[in-house]
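Asker: Return a 3D structure for these sequence lines:
(one chain, ligands or ions: 2)
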Amino acid sequence: MRVSLRFLTSAAAILLLSFTAATAADQPLKASLSAMGGIPINLSAWGLDQAAFDLAVTEISARIEELEAMISTYRPDSEVSRLNRGETLESTPADLSFLVFVASWISGETAGTFDITVEPLVLLWRQCRQEQRLPTAEEYEAALANVGHQLVNVKLDGSITFDQPGVKLDFGGIAKGYFADEAVTLLREAGATRCLAEVGGDITTWQADPAAGEPFKVGIKHPYGGDELYGIISVPTGAVVTSGNYERFYEINGHRYCHIFDPRTGHPVENMLSVTVTTKGGIEADAYATAIFVMGLEVGRSFVERNEQIEAVLIGLGADGKVVEYISPGLVDRVELNPNR
Ligand code: ADP
Ligand code: MG
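Answerer: Ligands and ions are numbered 1, 2, ... in the order given. Sure, this is the predicted structure:
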């Protein structure tokens, strides 16, 4: 069965389409939740009875609430808000040390294009949007003085310290992928034979035997919007995450500035439309999608080609202002592009 590319829309950057060879017995159990002030979470699982699935959904809901209470910068009492205010935590949750450790590792791998210390830039641009003006050179300099993954330390006991006051963490570039991974882990632990979690468009899938099972079909939203998808990726197992410039941005004096920043310059990324990454886990996929978005078409392409475990679709604007698309060689056979894209 071919999946129709037309007339499919979703609030998410990516959406799940349908599965081939679906018979009544193949139908998954489904549930929807929401997190972080309205981000939709959609869960699907095969091989579970209703009671086991319901229990897993309750566990996922509790787990996501636990993580949100820890990392949300909108909650003044979260551990991350307390660290960002310069407080020392008497005990650091293991999940938080893990997140900072993984994020720092990926910052190193991606030459600092992914960086959880971008929060001063996020705050600066939020303020500028409110005042409908651009940041001044002094404001850029002041914010950048506190941006840099090297300013954050995770000690062996898991404690987190900053090299100087003013450093602030923001897990916006990695949280959705992590939540999707956590949901899949809980569905697997409940006994699912095949499952999928979508958190605000970021998708983690799993199936026991990827070679034997039907691949998941995941749509790439068109960066210019409209009813048509850009394409569909077949995913045997693993995560698919898209970073785009089209859903969240800062609008100042009629101009749209991207919500993803280059941590090295403080500037919002220009000339990139969307980056879709598929790799094993959602946490890496989410971070790499953000990083490759910052790298841009050329550097992003060579990064993807150097890393065997990462496949990606990059859509950006070339020097002549025309749309350029790049599909990594390992993905060519697994992507069906919309001919009218
Ligand atoms: P989306 O929100 O579209 O899924 P991302 O996963 O790329 O996109 O996350 C963007 C968010 O991550 C921003 O809103 C901001 O909070 C944070 N962020 C912005 N730039 C970076 C960056 N270079 N590295 C890490 N996080 C970033
Ligand atoms: Mg991301």
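Asker: Spell out which parts of the stretch 101-250 of the chain neighbour ligand 1.
Answerer: Residues of the stretch 101-250 of the chain found near ligand 1 (C-beta under 6 Å from any ligand atom) are 113-116, 118, 122, 170, 172-173, 176, 243-244, 247-248. Where C-beta positions appear, they are placed from N, C-alpha and C, glycine not excepted.
Asker: Of those residues, select the buried ones using a ChimeraX command.
Answerer: In ChimeraX, this line selects whichever of those come out buried by 16 or more other C-beta atoms under 10 Å:
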select :113,114,115,116,118,122,170,172,173,176,243,244,247
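Asker: Name the member of the residues of the stretch 101-250 of the chain next to ligand 1 with the shortest distance to V294.
Answerer: V294 has its nearest neighbour among these in T113, at 3.9 Å by C-beta to C-beta.
Asker: just to revisit the earlier point, ok, and which of the residues of the stretch 101-250 of the chain next to ligand 1 reach ligand 2?
Answerer: Contacts with ligand 2 within these, counted by C-beta under 5 Å from the ion: G173.
Asker: Next, the buried residues of the host helix or strand of S32.
Answerer: Assigned by DSSP states H and E, S32 belongs to strand 29-35. Residues 29, 31, 33, 35 are the ones in strand 29-35 that count as buried (16+ other C-beta under 10 Å).
Asker: if I read this right, the third one contacts V57, doesn't it?
Answerer: By that I understand L33. Yes. The criterion here is C-beta atoms under 8 Å, and L33 meets it with V57 at 7.2 Å.
Asker: Can you check which residues contact both of the two?
Answerer: Taking C-beta atoms under 8 Å, 6 or more residues apart in numbering as the contact rule, L33 and V57 both touch L43.
Asker: Tell me which residues of the lengthiest helix in the chain come out buried.
Answerer: In the chain, assigned by DSSP state H, the helix with the most residues is helix 282-306. In terms of neighbour count (16+ other C-beta under 10 Å), helix 282-306 has its buried residues at 282-297, 300-301, 303-304.
Asker: check whether it contacts ligand 1.
Answerer: Yes. Using C-beta under 6 Å from any ligand atom, helix 282-306 comes into contact with ligand 1 via 286, 289-290, 294.
Asker: check contacts around the spatially most central residue of the chain.
Answerer: For the chain, D286 is the residue whose C-alpha lies nearest the centre (C-alpha atoms, centre = their mean; 3.2 Å). Residues near D286 by C-beta under 8 Å, 6+ apart: 173-178, 202, 239, 241.
Asker: With A111 instead?
Answerer: M295.
Asker: would you say it is within a helix?
Answerer: No. Checked against DSSP: H, G, I helix; E, B strand; the rest coil, A111 lies outside a helix; its state is coil.
Asker: For it, give its distance to L151.
Answerer: The gap separating A111 from L151 is 16 Å, by C-beta to C-beta, to the nearest Å.
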